[in-house]
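Participant: Structure here, sequence nowhere to be found:
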């Protein structure tokens, strides 16, 4: 089953709690703190793998959660980090984050092994051994583990192929890919036989290249009409387009119209696709007479249209009789030799469009009536990992907020006696 678009929920693991303990050994009258820190929660990582060719694994399971980190123990035993959860996707997968129903591009995983961390595991809480400072020489508290992150992401597969075969429904695309490659698509004499893109490997004159058979396009495909809209994105990664015109069902005027119409759909969907090199070929020439073919060859409008969209002459072929296939493969081979491979544009690292997280040291204060809310990854993490039942831990948090300048910023914002301050799930009254 071919699935090329899915929306899933990803949750990273919570960090383990730190431990507050002290050395208690015989003949050691002043044993100091020795509590270990909690382990970091597991992250969720999306990784491109050449062993995957569809997103069907995400069709039924929509929620993926990594494991939490283990708690710290005494004797400076630190908790083990939670294992990362790796989601393998096909090479060529785009990762988006859904923010307020908008798709925000995150990464383009266009190389085998490329990966992106979509949610980071929660920080492990520090044990009291790690909290020792000149001011807190024997802390009787430890930090809690920070909760994991939760996001909704969308995965969209865009196939990586060298050549994309396009055209109206039932114009001979599936038959062509079946005779020039190892692909075995469904072939029948009715429109929209191809419901999913088919990939095939072509070996020709010591050259290998991948061909994709794109489901038939019709006018209005860029608006979702027919089947083309869902698969037009698969043309984006191709280096060369082969445009088939079915001579068995069309007169020269109609062929000219079809050629303009499909190229218009490509341009409306993405102008970059319309600028790709294109080879135009008449298909199923074995089904018409030589007089009909001659009339098509001499049609001025069609000749002008071919010249507009292609730098190559108009090819004639029959996949059934293998007529013209060698000339077509020669032209494809020459085009590809002169063009860089799509995969060469990408390194092992993914192309990151936008970070998923904010600056760790950045924070701001939002004021609403007498409530002051402090936003920021670092300050929120400190609040979430503070044991609010422990007075010493609360004093430690107050000292850290003062050192970061949060209290000074609150005073600049005009905070007054008995106003409310909120940081994540922590709330207190200003005094």
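Facilitator: Received it, and whenever you're ready, just let me know what you need. Since this is a predicted model, take the numbers as computed values, not measurements.
Participant: all helices of this protein, in order?
Facilitator: Secondary structure of the chain (DSSP state H): helices located at 173-180, 228-231, 252-269, 271-274, 290-298, 300-309, 325-337, 377-384, 391-404, 406-412.
Participant: Out of the ones you listed, which gets the lowest mean score?
Facilitator: Note on these: helix 228-231 shows the lowest mean pLDDT, a mean of 53.
Participant: which secondary element of the chain has the worst mean pLDDT?
Facilitator: Of all helical and strand segments in the chain, the minimum by mean pLDDT, DSSP states H and E falls on helix 228-231, at a mean of 53.
Participant: would you turn the helices of the chain into TSV with distance to residue 99 and mean neighbour count?
Facilitator: (Each C-beta comes from the backbone N, C-alpha and C, glycine too.) Listed next are the helices of the chain as TSV, based on distance: least, Cβ to Cβ, whole Å; neighbours: other Cβ atoms under 10 Å:
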stretch	distance to residue 99	mean neighbour count
helix 173-180	38	23
helix 228-231	23	22
helix 252-269	24	19
helix 271-274	25	15
helix 290-298	52	13
helix 300-309	39	16
helix 325-337	39	16
helix 377-384	16	19
helix 391-404	27	16
helix 406-412	26	15
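Participant: looking at these, which is closest to residue 315?
Facilitator: Of all the helices of the chain, it is helix 325-337 that lies closest to residue 315, at 5.3 Å by Cβ to Cβ.
Participant: gap between that closest one and the chain center?
Facilitator: Distance, stretch centre to chain centre, for helix 325-337: 33 Å (Cα atoms, centre = their mean, to the nearest Å).
Participant: Likewise for stretch 52-60?
Facilitator: The answer for stretch 52-60 is 14 Å, by Cα atoms, centre = their mean.
Participant: same thing with stretch 242-255?
Facilitator: From the chain centre to the centre of stretch 242-255 is a distance of 37 Å (Cα atoms, centre = their mean).
Participant: what does stretch 103-111 give?
Facilitator: 4 Å.
Participant: buried sites along that stretch?
Facilitator: For stretch 103-111, burial by neighbour count (16 or more other Cβ atoms under 10 Å) applies to 106-111.
Participant: The residues you listed in strands, which ones?
Facilitator: 106-109 (DSSP state E).
Participant: ok so, going back, among the helices of the chain, which comes closest to residue 128?
Facilitator: Across the helices of the chain, residue 128 has its closest neighbour in helix 391-404 (9.8 Å, Cβ to Cβ).
Participant: Which strands or helices does the closest one pack on?
Facilitator: helix 377-384 (3 or more Cβ pairs under 8 Å, 6 or more residues apart in numbering; DSSP states H and E).
Participant: Which elements pack onto the helix it packs on?
Facilitator: Contacts defined by 3+ Cβ pairs under 8 Å, 6+ apart place helix 377-384 against helix 391-404, strand 420-423.
Participant: on that earlier part again, save the helices of the chain as JSON lines, and put in distance to residue 71 too.
Facilitator: Listed next are the helices of the chain as JSON lines, based on distance: least, Cβ to Cβ, whole Å:
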{"stretch": "helix 173-180", "distance to residue 71": "57"}
{"stretch": "helix 228-231", "distance to residue 71": "47"}
{"stretch": "helix 252-269", "distance to residue 71": "53"}
{"stretch": "helix 271-274", "distance to residue 71": "52"}
{"stretch": "helix 290-298", "distance to residue 71": "77"}
{"stretch": "helix 300-309", "distance to residue 71": "65"}
{"stretch": "helix 325-337", "distance to residue 71": "57"}
{"stretch": "helix 377-384", "distance to residue 71": "16"}
{"stretch": "helix 391-404", "distance to residue 71": "16"}
{"stretch": "helix 406-412", "distance to residue 71": "29"}
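Participant: can you tell which of those helices is closest to residue 420?
Facilitator: helix 406-412 (11.1 Å).
Participant: What are the contacting residues of the closest one?
Facilitator: Contact partners of helix 406-412, identified using Cβ atoms under 8 Å, 6 or more residues apart in numbering, comprise 363, 365, 372, 374, 379, 401-402, 421, 430.
Participant: Repeat that for stretch 252-264.
Facilitator: With Cβ under 8 Å, 6+ apart as the test, stretch 252-264 has contacts from 166-168, 217, 219, 243, 245, 247, 250, 274, 278, 280, 282, 295-296, 299, 301-302, 305-306, 309.
Participant: List the contacts of the closest residue in space to residue 78 that isn't next to it in sequence.
Facilitator: Setting aside the residues directly before and after it, residue 78 is nearest to residue 36 in space (Cβ to Cβ, 6 or more residues apart in numbering), at 4.2 Å. Shown in contact with residue 36 (Cβ under 8 Å, 6+ apart): 18-19, 72-79, 127, 129.
Participant: same question, residue 362
Facilitator: 376-377.
Participant: Just the pLDDT for it.
Facilitator: In this model, residue 362 is scored at 74, pLDDT.
Participant: Poorly predicted segments of this structure, please.
Facilitator: 1-3, 160, 182-197, 216-231, 233-234, 340-361 (pLDDT under 70).
Participant: Return the residues in contact with the residue nearest the centre of it.
Facilitator: Closest to where the C-alpha atoms of the chain average out (Cα atoms, centre = their mean) is residue 95, at 1.5 Å. Residue 95 sits next to 46, 105-109, 116, 118, 153-155 when contact means Cβ under 8 Å, 6+ apart.
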